[in-house]
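J.: after the sequence you'll find the predicted model.
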Protein chains: 2
Amino acid sequence: MGLDDRKLAVLRAIVEDYVSTQEPVGSKALVERHQLGVSPATVRNDMAVLEEEGYIRQPHTSAGRVPTDRGYRLFVDRLSRVKPLSPAERRAIERFLVGAVDLDDVVHRTVRLLAQLTRQVAVVQYPSLARSSVRHLELVPISTTRLMLVMIADTGRVEQRLVELPGPVPAEDVTDLRRLVNEKLTGERLSDTPPLVQALVEEAPVQLRPAMTTLSTVLLETLVERHEERIALAGTANLTRGGLLDFQGSLRPILEALEEEVVLLKLIGETEPSTTRVLIGDENEFDNLRAASVVSTGYGPGATIVGGLGVLGPTRMDYPGNIAMVRAVARYVGELLAQN
Amino acid sequence: MGLDDRKLAVLRAIVEDYVSTQEPVGSKALVERHQLGVSPATVRNDMAVLEEEGYIRQPHTSAGRVPTDRGYRLFVDRLSRVKPLSPAERRAIERFLVGAVDLDDVVHRTVRLLAQLTRQVAVVQYPSLARSSVRHLELVPISTTRLMLVMIADTGRVEQRLVELPGPVPAEDVTDLRRLVNEKLTGERLSDTPPLVQALVEEAPVQLRPAMTTLSTVLLETLVERHEERIALAGTANLTRGGLLDFQGSLRPILEALEEEVVLLKLIGETEPSTTRVLIGDENEFDNLRAASVVSTGYGPGATIVGGLGVLGPTRMDYPGNIAMVRAVARYVGELLAQN
DNA sequence: ACTGGCACTCGTTACAGTCGAGTGCCAGGA
DNA sequence: TCCTGGCACTCGACTGTAACGAGTGCCAGT
C-alpha cells in the first residue's frame, strides 16, 4: 500500500492521458508528456506497483496501461481538483436557462444544457413530490360523478388524476369539498399529508362523506404512495462518441438501463447529503451499467434539495470537468426555482 | 417496367428472406426456401431485371441480392397483406392498457407496449392541444401579482403556465377573471380561441382590463402559438439488435434525430388521413434517418384524430407485422380515450 | 534508489493463397 | 419464346506467415 507521491503522480498522469487520448499509455509517452523528472524505467517500476495494487491494468501483454475502476476512484478522491468553469461555460449556462416559462421548460432546458456541456448523457429528476408542499388543490367537475383532481405543488409541479365518485355530487358540494381540502392541506408537505387526509374524512359533513372518502383514497394514492417521480433524459447520442471502445462494444445494456425510471432514480435520486456523488464502473449496483460512471448531485431552491440531476458516461470520462458542470448547473437551477 | 407475376414473387421472397435472415439472398437459396417452380438460373435472370429496375441491388459483386428502398416500397404497396395479430398479441395489448390512471399513464404504457410488440423504437405523441377543446381553465393565485394558469383539455391534457400580472389583483377579481375566461372558452377548440381571447379583453370590465390583457397574452402564447406538443419514446435499446449491420454501423444519427421533438413530430404527427403511413429509407426528409423506416398512424377517440403514434426501425423491418401492430395499438388507445 | 540496456511478448499490419457463394452468359431443349 | 443446365469468372471472407514495433520486466551498474 505504500504509494509515495511519485506513484500517485504517475497514476494521475495515466488517468489524464488515457481520458484525453483514449489509448493505453506507456512509460515512454508518459515521461515525454509530463515533467516527472525520472526515466521511463523508473516509471515502469512504479507502474508495476500500481498494477499490483489494482489501480491500473494492461489490456494486453505488450500494451500500455489503463486505469481500473479503483484507479479512477483514487484519482477522483485524492488526485483531482474540481475544474473551475470557463467564462464561456458560465455564460452558456446563464443563457440557456433564461426565459424558461414553466417547470417542464426548466427541466428540459436543464437536461439539454447538461448534455451539451458535458457531452455525456444527462439526467434530471423533476422536483420530487415527496419533498414538495401543496400550493393548491383544484377539483374540476367532468360529469356529475367524475372529478378531475389537480394538485399544484410549490415546486411548480402539477399533477392530475381522475376521480370516479360513488354517486352524483352537486356543484355546491364540489365547492365545499374544494374548500375543505384546501383548508386542510394547503401549505403542507406531501409526506405529512396522510394523517391530515384521514382527518378530512372524519371531519367531513355527513352528506360529503362518501365523496370525501373516495377523494381521500385518490389523494393518498396519487400524492404519496405512488411515488410519481418524473425524469428527463438527453444526450443519448453522446454514448456513441469514442467509437465502440467504451462500453465494451455494445450500447445495448446502457440503453436498456436508461429506459428504466427506477434505475435512473436510484442513480441520481438518492443524494441524501447535498454533496456531489460519483459512482465509478462496478461501484454501480446495476450490472448493465458496470462499464459506466455517474456523477450526480441534488438541487433545490436555497439549501433544500427537491430533486437530483447528473450525467452518465464511460468510466473513461473527465471527472473534474463533469463534477464542476453538474454542480454549477444544479446551483443555477436551484436559483431559478427559488425565484418562483 | 414489365414485371410479371413471377418477378414480383421473386421480389417478395427476397424481401421476406432478407428481413428474417439479415443476409443477402442468392438465387439458389431462394428456390430452396420458396416454391417458385423454376430453376436458379431463371431466378437469376429475373433478379437481373429487378436490379436493373432498381428494386434490388448487390452489396458486392459476388454476393446475393438485397432489397433497395424502392423494393421495399413495392413490397409494402403491392406484395404484402397486413398480418393479422396473434391472440397472444391481442391479449398483451389489452392487458397492458388496462388500469391506466391518467393520460401520462396511458401514453407511457402505450409507448412501452408498442416498443415491446414491434421490437422497434416506439413514438407516441400526446393528444395535440390544437385538436383539443378546453374543458376548464383554472386560475390559482400564487401571490398578489402572480397567477398559475391551469388548462384542462378534453383529451385529458393539463397544461400550466405562470402569469406575471402588471399589478396586484384582489381575490374577487381573480374569481371574476376565472368566470369570464371559462364562460368564453370552455368547450371551444383551441384552434378557434384566438378571436375569442381577443373579445375577452375588449369585453372585460375596466378594472380587470390590465390583468385580462396579460392573461390573454399568456393564453394565446401557451395554448395556440407555442405548439406545445409532447412526445414519449421507448425502445431505443432495440436499435442495437441486428448488431451494427443496420444503420450502416453508427447509431449516432438516429439517436440524434430521436432527441429532436420537431423531427419526431414530423414523422408521426402529420397523419392527415386516418390511414397508416409508411416512410421507407430515403423517402424520409431527414438525412439522419435515411437508413430507417417509420410506420405511423393517427389515433383518437372515435373517428377523430388527436395525435399520432408509430415505430421507427431499420429499413429491413417486418412491415406487415409492424403495420398491423401500430394500427391495433392505435385503435385500442382510441377506445381508451373515448371512455374518458 | 534510479538508470540504461537488453531480451522478450504480443498485437498490428501486410501480403499471399485458398475457398466458395454467387453471378452472367450461352447453347440447347420444351 | 421462355426456361434450364453448365461453365467460367468475380470477389469477399478466411487462413497462415512474416516483419514490425510499442511496450514491458529484469538486471547490472552507478
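T.: Sure, I can see it.

J.: quick check: residues of chain A near DNA strand C?
T.: Neighbours of DNA strand C within chain A, by Cβ under 7 Å from any atom of the strand: A:Arg6, A:Gly37, A:Val38, A:Ser39, A:Ala41, A:Thr42, A:Asn45, A:His60, A:Thr61, A:Ser62, A:Ala63. All C-beta atoms are positioned from the backbone trio N, CA, C, and that covers glycine.

J.: in PyMOL, select just the buried ones from those residues.
T.: Command for PyMOL, covering only those of these found buried under the criterion 16 or more other Cβ atoms under 10 Å in any protein chain shown:
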select buried, chain A and resi 38
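
J.: any idea how far the closest residue to A:Ser191 other than its chain neighbours is from A:Ile305?
T.: Of all residues not flanking A:Ser191 in the chain, A:Ala130 sits nearest, at 5.2 Å (Cβ to Cβ, 6 or more residues apart in numbering or on different chains). Between A:Ala130 and A:Ile305 the computed distance is 11 Å (Cβ to Cβ, to the nearest Å).

J.: more crowded one of the two?
T.: A:Ile305 (20 against 14; other Cβ atoms under 10 Å in any protein chain shown).

J.: what's the following helix or strand after the helix or strand that A:Leu113 is a member of?
T.: Secondary structure from DSSP states H and E places A:Leu113 in helix A:103-118. Proceeding N to C from helix A:103-118, the next assigned helix or strand is strand A:121-125, under DSSP H and E.

J.: that next one near chain B anywhere?
T.: No. Strand A:121-125 lies out of reach of chain B by Cβ under 8 Å from any Cβ of the partner chain, never closer than 10.1 Å.

J.: who does that strand pair up with?
T.: Strand A:121-125 has its sheet partners listed here by DSSP bridges as strand A:231-234 (antiparallel), strand A:307-314 (antiparallel).

J.: hmm, who's touching it?
T.: A:107, A:110-115, A:229-236, A:238-239, A:258, A:264-265, A:267-269, A:296, A:307-313 (Cβ atoms under 8 Å, 6 or more residues apart in numbering or on different chains).

J.: quick one: what helix or strand has the closest residue in space to A:Asp318 that isn't next to it in sequence in it?
T.: Distances taken as Cβ to Cβ, 6+ apart put A:Val19 closest to A:Asp318, at 5.8 Å, once the chain neighbours are dropped. Element membership for A:Val19 (DSSP H and E) is helix A:5-21.

J.: now do the contacts for the residue of chain A found nearest DNA strand D.
T.: Per Cβ to the nearest atom of the strand, A:Gly26 is where chain A lies closest to DNA strand D, at 2.8 Å. Neighbour list for A:Gly26: A:Ala63, A:Gly64, A:Arg65 [criterion: Cβ under 8 Å, 6+ apart].

J.: list phi and psi for the nearest residue to the second one once chain neighbours are set aside.
T.: Right, A:Gly64. Using Cβ to Cβ, 6+ apart and skipping residues adjacent in sequence, the residue nearest A:Gly64 is A:Pro24, 3.4 Å away. For A:Pro24, the backbone dihedrals are phi -50, psi 140 (criterion: degrees, to the nearest 10).

J.: tell me the contacts of A:Pro24?
T.: A:Pro24 is in contact with A:Tyr18, A:Gln58, A:Pro59, A:Ala63, A:Gly64, A:Arg65, A:Val66, counting by Cβ under 8 Å, 6+ apart.

J.: got a quick PyMOL command for the buried subset of those?
T.: To isolate the buried ones among the contacts of A:Pro24 in PyMOL, judged by 16+ other Cβ under 10 Å, type:
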select buried, chain A and resi 18+64+65+66
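
J.: show me what whichever strand or helix holds A:Arg209 is packed against.
T.: Element membership of A:Arg209 [criterion: DSSP H and E] is helix A:209-220. Judged by 3 or more Cβ pairs under 8 Å, 6 or more residues apart in numbering or on different chains; DSSP states H and E, helix A:209-220 is in contact with strand A:146-153, strand A:158-164, helix A:171-185, helix A:193-203.

J.: residues contacting the first one, please?
T.: Right, the one you point to is strand A:146-153. Contacts of strand A:146-153 (Cβ under 8 Å, 6+ apart): A:127, A:129, A:132-142, A:158-165, A:169, A:174, A:190, A:215, A:218-219, A:222-223, B:135-136, B:138, B:140, B:148, B:150, B:152, B:158, B:160.

J.: buried members of the residues you listed into PyMOL, please.
T.: Only the buried entries of the contacts of strand A:146-153 go into this PyMOL selection, using 16+ other Cβ under 10 Å:
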select buried, (chain A and resi 127+129+132+133+134+135+136+137+138+139+140+141+142+158+159+160+161+163+165+169+174+190+215+218+219+222+223) or (chain B and resi 135+136+138+140+148+150+152+158+160)
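
J.: contacts with DNA strand D among the contacts of strand A:146-153, please.
T.: Among the contacts of strand A:146-153, no residue lies close to DNA strand D (Cβ under 7 Å from any atom of the strand).

J.: near DNA strand D, anything from the helix holding A:Val19?
T.: No. Applying Cβ under 7 Å from any atom of the strand, one finds helix A:5-21 separated from DNA strand D by no less than 9.1 Å.

J.: show me where the stretch 201-340 of chain A has helices.
T.: With helices called from DSSP state H, counting those that start in this stretch, the stretch 201-340 of chain A shows them at A:209-220, A:252-258, A:261-269, A:319-339.

J.: how about TSV for those, with distance to A:Leu30 and mean pLDDT added?
T.: Formatted as TSV, the helices of the stretch 201-340 of chain A follow (distance: least, Cβ to Cβ, whole Å; pLDDT from 0 to 100):
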stretch	distance to A:Leu30	mean pLDDT
helix A:209-220	61	91
helix A:252-258	31	95
helix A:261-269	34	90
helix A:319-339	19	93
